[in-house]
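Participant: please find the sequence and the predicted model below.
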Amino acid sequence: MSNMGARIARVITNFNLENRAHREICKLKPRAAPRHPTTDSLPQHNTAVSSGFMTEINQRNDPLLSMLKDVYVESKDPESQGEEVSTVNKAEKETDRRLLKFSLPGSPYGICDVTDVPKGKLTLVEALTVLNNHKQMPKTWTTEKMAQEYSLDPKDAKALADFFIPFDVKIIQVESAKNKQINDS
């Protein structure tokens with residue numbers, strides 16, 4: 001059956017093939033886009049004409065060489081400004097950052113050792129510690145104390161306490177096999 005389908009497909013594709021081919025051949029060819037006037041002056045791939053350009057390029061031009069010898073460029077880098085900027089940046093960095101309160105011991109997960117954090121930010125370990133402290137002792141670890149201890153905005157500390165809750169681990173006791181059996185009554 002598939003052989004019959006291939007024959008029918010071949011007949012349909014070859015139908016009127018010669019007439020279609022003659023029509024395509026007799027069609028007018030598309031016109032080329034007009035050239036820009038500057039491209040008319042460029043030499044075509046004629047070696048005699050292009051060798052004239054090459055001689056002009058390789059020819060020594062004494063007036064240009066004499067003008068080039070008169071040019072002298074001297075440059076000096078201002079060193080004092082760079083040092084002042086770096087000391088200002090260091091002072092700004094020190095005031096914008098705070099030291100870590102808690103971190104993972106020994107970096108077991110390949111996390112790079114971070115020594116300081118920008119003010120207003122918490123690391124994951126610090127966030128979990130703060131949330132756990134707030135959950136365990138809400139009277140002691142108020143949102144104001146969280147904001148003060150970790151240099152947070154009081155509004156952010158309140159949102160942290162309201163919307164994020166640390167995980168609760170609950171251990172469910174496994175019932176004995178006697179309790180699992182269903183008795184027919």
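Facilitator: Happy to help now that I have it. Residues are numbered from 1 along each chain as shown.
Participant: and stretch 121-136, what's buried?
Facilitator: 122-123, 125-127, 129-131, 133-134 (16 or more other Cβ atoms under 10 Å). For the C-beta atoms, the positions are set from N, CA and C on the backbone; glycine is no exception.
Participant: between those, which is closest to residue 54?
Facilitator: residue 123 (67.3 Å; Cβ to Cβ).
Participant: ramachandran angles for the closest one?
Facilitator: Backbone torsions of residue 123, given as degrees, to the nearest 10, read phi -80, psi 170.
Participant: do the same with the one 10 residues further on
Facilitator: Residue 133 adopts backbone torsions of phi -60, psi -40, taken as degrees, to the nearest 10.
Participant: ok, the residue nearest to it when sequence neighbours are not counted - contacts?
Facilitator: In this structure, residue 133 finds its nearest non-sequential neighbour in residue 141, 4.4 Å apart by Cβ to Cβ, 6 or more residues apart in numbering. Contacts for residue 141 were tallied using Cβ atoms under 8 Å, 6 or more residues apart in numbering; they are 130, 133-134.
Participant: would you map the strands across the chain?
Facilitator: 97-99, 116-118 (DSSP state E).
Participant: quick one on the thing from earlier: I'd like the contacts of residue 141 laid out as CSV, including distance to residue 8 and pLDDT.
Facilitator: Output for these, formatted as CSV (distance: Cβ to Cβ, whole Å; pLDDT from 0 to 100):
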residue, distance to residue 8, pLDDT
130, 77, 90
133, 81, 90
134, 79, 91
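Participant: quick one: which of the strands of the chain has the weakest pLDDT on average?
Facilitator: Per-stretch mean pLDDT for those is lowest at strand 97-99 (a mean of 77).
Participant: tell me the strands beside that strand, with direction?
Facilitator: strand 116-118 (antiparallel) (DSSP bridges).
Participant: so what touches the partner strand?
Facilitator: 96-100, 123, 126.
Participant: out of those residues, which one sits closest to residue 18?
Facilitator: So of the contacts of strand 116-118, ranked by how close each gets to residue 18 (Cβ to Cβ), first place is residue 123, at 78.9 Å.
Participant: no further queries at this time; thank you.
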